[in-house]
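[1] for reference, the sequence and a predicted model appear below.
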Amino acid sequence: MQKGDLLYAGKAKSVFLTDREGILLVEFRDDITAFDGGKKDILDKKGCFNAKVSAYIFRLLTENGIPTHFIDMVDDRRMLVRSLSMIPLEVIVRNVAAGSMSRTYPIAEGTPLSPPVIVIDYKDDSRHDPMLNDDLILALKLLSAQELARVKDLALAVNSVLVRFFESLGITLVDFKIEFGKAGEDIMLGDEISMDSMRLWDMHTGESLDKDVYRFSKGDVMEVYRRVAEKICAGGK
Ligand code: 5GP
């Protein structure tokens, strides 16, 4: 497999074409950013931890019947994925009120949410990812009603698998953000699922085990990422 031209460089990942039709190479860089890029740093090996965790979670989801773009790891920070036509939505699933939910609405951080709450934002940094509702998603022709129902079903299916998995590790999956793309008519999970895109709390101590450590300068973010990646990739053993 030959690495081709750079297709897209995001805040923490770069995506390259390959010599294989329909297959892309995703490189997880060591950049870390928060607050719409207002805070940024480069942290040695951060990309490796996120790549490893994403690969583990994509495999876990595949085993549970959830379609993802993941094909295989190439090395410790690069993975091969199926090329998707990405849908510009950030699908957030919340099991516990935290972050922007508790800042925006009168609900205390730590309040359990049952059933889980799905929030869908329009992915556009220049507009600060505004929140959508079903009618707006249809009006903006981002998805058909049937596709929207499928996206929500998949998001809840991902949540069920991950809540159970993290529970077995003594970790509460507070919330997470995922992105979907289309391969023909099929909707699949794309992008990544890592400590950058999930909010994880130690079930016993409440310690943050995710990017909030970086966002709010709560401690040594790389020590936390290393510890969590090891725990996740040991698979609950
Ligand atoms: P909040 O809306 O509370 O800031 O975020 C909810 C969840 O979605 C958190 O787990 C957060 O990490 C994730 N999330 C929200 N927006 C983004 C984003 O633009 N990029 C990434 N990687 N994760 C996000």
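    Structure received. Owing to the predicted nature of the structure, the values given are computational and were not obtained by experimental measurement.
[2] residue 177 versus residue 121, what's the distance?
    To residue 177, residue 121 is 8 Å away according to Cβ to Cβ, to the nearest Å. (Glycine included, C-beta is placed from N, CA and C.)
[3] my guess is residue 108 meets residue 98, correct?
    No - contact criterion Cβ atoms under 8 Å: residue 108 and residue 98 do not qualify, at 9.7 Å.
[4] what's the burial count for the closest residue to the ligand within the chain?
    Taking Cβ to the nearest ligand atom, the ligand has its nearest neighbour within the chain at residue 99, 2.2 Å off. Residue 99: 16 surrounding residues under other Cβ atoms under 10 Å.
[5] one more: residue 133?
    10.
[6] give me every residue that touches it.
    Listed by Cβ atoms under 8 Å, 6 or more residues apart in numbering, the contact set of residue 133 reads residue 120.
[7] tell me the phi and psi of it?
    Note on residue 133: its backbone torsions stand at phi -130, psi 180 [degrees, to the nearest 10].
[8] so between residue 108 and residue 98, which is more surrounded?
    The neighbour comparison of residue 108 against residue 98 (other Cβ under 10 Å) goes to residue 98, with 22 against 8.
[9] isn't that one up against residue 175?
    Yes - Residue 98 is within contact range of residue 175, at 6.3 Å (criterion: Cβ under 8 Å).
[10] what is the closest residue to the residue of the chain closest to the ligand other than its chain neighbours paired to in the beta sheet?
    Residue nearest to residue 99 in three dimensions, not counting chain neighbours: residue 199, with 6.4 Å by Cβ to Cβ, 6 or more residues apart in numbering. When bridges are taken as DSSP bridges, the partners of residue 199 come out as residue 175.
[11] hmm, residue 199 is touching residue 98, no?
    Yes - contact criterion Cβ under 8 Å: residue 199 and residue 98 qualify, at 5.7 Å.
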